[in-house]
Structures are given as C-alpha cells and as structure tokens.
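Colleague: Generate coordinates for the sequence data below:
(2 chains)
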Amino acid sequence: GQQLNQSPQSMFIQEGEDVSMNCTSSSIFNTWLWYKQDPGEGPVLLIALYKAGELTSNGRLTAQFGITRKDSFLNISASIPSDVGIYFCAGQLGNQFYFGTGTSLTVIP
Amino acid sequence: DTEVTQTPKHLVMGMTNKKSLKCEQHMGHRAMYWYKQKAKKPPELMFVYSYEKLSINESVPSRFSPECPNSSLLNLHLHALQPEDSALYLCASSHTQGDTQYFGPGTRLTVL
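Modeller: Prediction:
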C-alpha cells in the first residue's frame, strides 16, 4: 500500500498554543482528508481538501492541500483540552484512501 | 446527517463463538467499508462494498465474512477468531467508492 508519513508522531503542548502537523508521501493524491479520533471512538472528519493549493478552515482548524499534491498540513490555533486525541491524514489515490501514521496530541491545561 | 451507526459497541467472544457486527447508514451512500484498527495505529482496510457488491478484499482471513444485504446495511460475520483479532472494528461509508468517508463509532472486539 501507499506510505503516508505524519509528523510529528506525538506532541505535548500547553493550552493556548498553536499546533502544526503534516503528512507527506512520495505519491500524488487527488484528495486529502483530516480526521480526529478520541480513544475507543471512530475517526471524525475535520476537513476535506480537493484541489492542490486549497486552504480550508473549520473553526480553529486550518488545513492545506500541498501544491505538489504529495503533502498536506493541519494547523490548530489556540489549543484547548478537548483537542486531545490522535489526528490522522488520509490521501485518496484511485478509488482508495490511504491513512497516515497519526499524530498524538496532548494538551496540558 | 453524516451518521454511521454500529452495533454492538463492545463484544467479547471466545474462539469457538460465532458473532456478527452490524453497520447502518441512511445517507444514501453506495460504498461501505470495514476497517480493523489496533491501538494507536491507523485503520487498516479489510473490505469495500460498492453498490452492494464486494469490490475489495484486502486478503482478509476467511474467519471474517462480510455481507451487504442492502445499500444501507453492512455486516461482518465472525467465526473461530483468534486473540490477535482483538481490535476496534470500524465501519465507514461514502457517496461512491473513493469519495470522502464517514466513520461509525466502532465495535471494540475482544477475543478470549
């Protein structure tokens, strides 16, 4: 399968700080998705990106579809405790999505 | 409405048991998926149904048997599982195969 590398693998930040994470691949993708997953729950879709260079926001979250179509970025501004969880990117190639390795976010109050 | 429901929420079964996981969506989606997820790992694709026909089987052992009785329902029949099959089983759906996927809350399966 396709390899999507997410970094960082984990983050420990203070409440109120901004967060940046990214997802990179050697393959070109047609769609990028960002999900958040709480322990024991299913992934929840945060943002979907459909065009190279696209920048989309959802509240305090902003994601970008990289211009090379091989990467995507997610930023969270002014983090709060409920931002804790694992964030996964997913890239679409053909009729399948491939998931990144995940970024675990811990927010310290 | 982007809701996918899964039952049961938790399931404990012995290695000789037969059980089924159920998934339902009423978004009119024509593609449905089963994923297996181990702790702190990304979801791993198991099966894809497109228009109620099996489209992808990612070389899943035959002790897992999927079924799509209609466009809203997806089942996963389990038989003679192994302890290493313990995981979170996720169902997802999308408008058509390859479109944005929406996940259910998952079934936490423990095989004793």
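Colleague: Direction included, what does the helix or strand bottoming out on mean pLDDT in chain A pair up with?
Modeller: Lowest on mean pLDDT, DSSP states H and E among the helices and strands of chain A sits strand A:96-99, with a mean of 92. Strand A:96-99 sits in its sheet next to strand A:85-93 (antiparallel), going by DSSP bridges.
Colleague: tell me the mean pLDDT for the partner strand?
Modeller: Average pLDDT, strand A:85-93: 96.
Colleague: Name the surrounding residues that touch whichever strand or helix holds B:Leu21.
Modeller: For B:Leu21, the element it lies in under DSSP states H and E is strand B:18-25. Here strand B:18-25 makes contact (C-beta atoms under 8 Å, 6 or more residues apart in numbering or on different chains) with B:3-8, B:11, B:13, B:32, B:34, B:72-79, B:89, B:91, B:93, B:102, B:104, B:107, B:109. For the C-beta atoms, the positions are set from N, CA and C on the backbone; glycine is no exception.
Colleague: Can you select the buried ones among the residues you listed for me in PyMOL?
Modeller: Of these, the buried ones go into a single PyMOL selection, burial set by 16 or more other C-beta atoms under 10 Å in any protein chain shown:
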select buried, chain B and resi 4+6+11+13+32+34+72+74+75+76+78+89+91+93+102+104+107+109
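Colleague: check the contacts of strand B:18-25 against chain A, which are close?
Modeller: Contacts with chain A within the contacts of strand B:18-25, as defined by C-beta under 8 Å from any C-beta of the partner chain: B:4, B:6, B:102, B:104.
Colleague: Check these and tell me the two furthest apart.
Modeller: Pairwise distances across those (C-beta to C-beta) peak at 12.0 Å, for the pair B:Gln6 and B:Tyr102.
Colleague: that older thread, each with direction, which strands does the strand holding B:Leu21 pair with?
Modeller: The pairing partners recorded for strand B:18-25 under DSSP bridges are strand B:4-7 (antiparallel), strand B:73-79 (antiparallel).
Colleague: Give me the contact list for the very next helix or strand once past the last one.
Modeller: On the C-terminal side of strand B:73-79, the nearest following helix or strand under DSSP H and E is strand B:87-94. The list of residues contacting strand B:87-94 from outside it, by C-beta under 8 Å, 6+ apart, reads A:40, A:42-43, B:4, B:6, B:21, B:23, B:25, B:27, B:29, B:31-38, B:43, B:74, B:76, B:100-104, B:106-109.
Colleague: Please put the alpha-carbon coordinates of strand B:87-94 into CSV.
Modeller: Output in CSV follows, covering the C-alpha atoms of strand B:87-94 (Å, rounded to 0.1, in the frame of the first residue of the first chain):
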residue,chain,number,x,y,z
ALA,B,87,-9.2,-4.7,17.9
LEU,B,88,-11.6,-1.8,17.2
TYR,B,89,-13.6,-2.6,14.1
LEU,B,90,-14.7,0.4,12.2
CYS,B,91,-17.4,0.8,9.5
ALA,B,92,-17.4,3.7,7.1
SER,B,93,-19.5,4.8,4.2
SER,B,94,-19.1,7.2,1.2
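Colleague: what angle do it and strand B:18-25 make?
Modeller: Orientation check (axes from the mean of the first three to the mean of the last three C-alpha atoms, to 10 degrees): strand B:87-94 against strand B:18-25 gives 30 degrees.
Colleague: Which residues of chain A lie near chain B?
Modeller: Contacts of chain A with chain B, taken as C-beta under 8 Å from any C-beta, map to A:31, A:33, A:35, A:40-45, A:48, A:86, A:88, A:90, A:92, A:94-97, A:99-102, A:104.
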